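Asker: predicted coordinates and the sequence they were generated for:
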Amino acid sequence: MDYHPIYRFWFEECQPSDWFKKSDEFDQMITERFYSYHQAARNGELHHWRDSALGSLCEIIILDQFSRNIFRGKAEAFACDPQALTLSHFAIEKGFDKRLNDSERTFMYLPFMHSESLLIHDIALRLFQGSEQASFEHAHRDILLRFNRYPHRNEALARVSTSDELRFLEQENSSF
């Protein structure tokens, strides 16, 4: 397996408007085309991709983004988050983020934004500072400051929501 099909799909075939939309068709397409890549990444079988900035980026996209598409609404959607975060740390330590354009770099940094740890969000604030994504990082962090977790994940993760969380979830744009 090589990372080029992932890169071509995400950055050449897809439009930026595709990346964060909730679409059964888009989720199904990712599942059909890239489920085997996801399984390989989850099992640590794509370690050879980590020798390059784009290879690292593609493994992060599989674990962080494709997990959310393939397993939308299920706990598995978030199961690879720690692995994606570790890979992001590793890639940044190697300076790979400096070799990427703004869109690519955003996806290398997203595992920090997806974390439910405020300590990790302290790093995310620095990473996203001055970027178009900074406001999204602040919005994510504000939710964590208020609830210490992302309430929109509660159902998928079989967590009991507090009454305050339920009121929050009724608001428009309360989830990402």
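Answerer: Here it is on my side, so go on.
Asker: every contact and neighbour count from this point should use C-alpha atoms.
Answerer: Fine.
Asker: okay, helices next: where are they in the protein?
Answerer: With helices called from DSSP state H, the chain shows them at 4-7, 16-19, 24-42, 53-61, 67-70, 81-93, 102-114, 118-128, 134-147, 163-169.
Asker: residues of the third one that come out buried?
Answerer: Using 16 or more other Cα atoms under 10 Å as the burial criterion, the residues of helix 24-42 that qualify are F26, D27, I30, T31, F34, Y35, Y37, H38, A40, A41, R42.
Asker: show me what that helix is packed against.
Answerer: In this structure, helix 24-42 packs against helix 67-70, with contacts taken as 3 or more Cα pairs under 8 Å, 6 or more residues apart in numbering; DSSP states H and E.
Asker: now the helix it packs on, how far from the centre of its chain.
Answerer: Relative to its chain's centre, helix 67-70 lies at 9 Å (Cα atoms, centre = their mean, to the nearest Å).
Asker: now for that helix, which elements pack on it?
Answerer: helix 24-42.
Asker: what does the helix it packs on contact?
Answerer: 1, 6, 18, 46-47, 59, 62-63, 66-67, 69-70, 72, 80 (Cα atoms under 8 Å, 6 or more residues apart in numbering).
Asker: reformat those residues as CSV; add pLDDT and distance to E116.
Answerer: Compiled in CSV, the contacts of helix 24-42 are given as follows (pLDDT from 0 to 100; distance: Cα to Cα, whole Å):
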residue, pLDDT, distance to E116
M1, 91, 31
I6, 99, 26
D18, 94, 24
L46, 98, 26
H47, 96, 25
E59, 99, 21
I62, 99, 19
L63, 99, 16
F66, 98, 19
S67, 98, 17
N69, 98, 19
I70, 98, 21
R72, 97, 18
C80, 99, 13
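Asker: quick one: least confident helix or strand in the chain?
Answerer: When each helix and strand of the chain is scored by mean pLDDT, DSSP states H and E, helix 16-19 comes last, with a mean of 94.
Asker: and for that helix, what's in contact with it?
Answerer: Outside helix 16-19, the residues touching it (Cα under 8 Å, 6+ apart) are W10, F26.
Asker: could I have the CA atoms of that helix written out in CSV?
Answerer: The C-alpha coordinates for helix 16-19 follow below in CSV (Å, rounded to 0.1, in the frame of the first residue of the first chain):
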residue,chain,number,x,y,z
PRO,A,16,-12.8,21.5,0.8
SER,A,17,-16.6,21.6,1.3
ASP,A,18,-16.5,17.8,1.3
TRP,A,19,-14.1,17.5,4.2
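Asker: would you mind measuring from Q133 to D102?
Answerer: Distance of Q133 to D102, computed by Cα to Cα, to the nearest Å: 10 Å.
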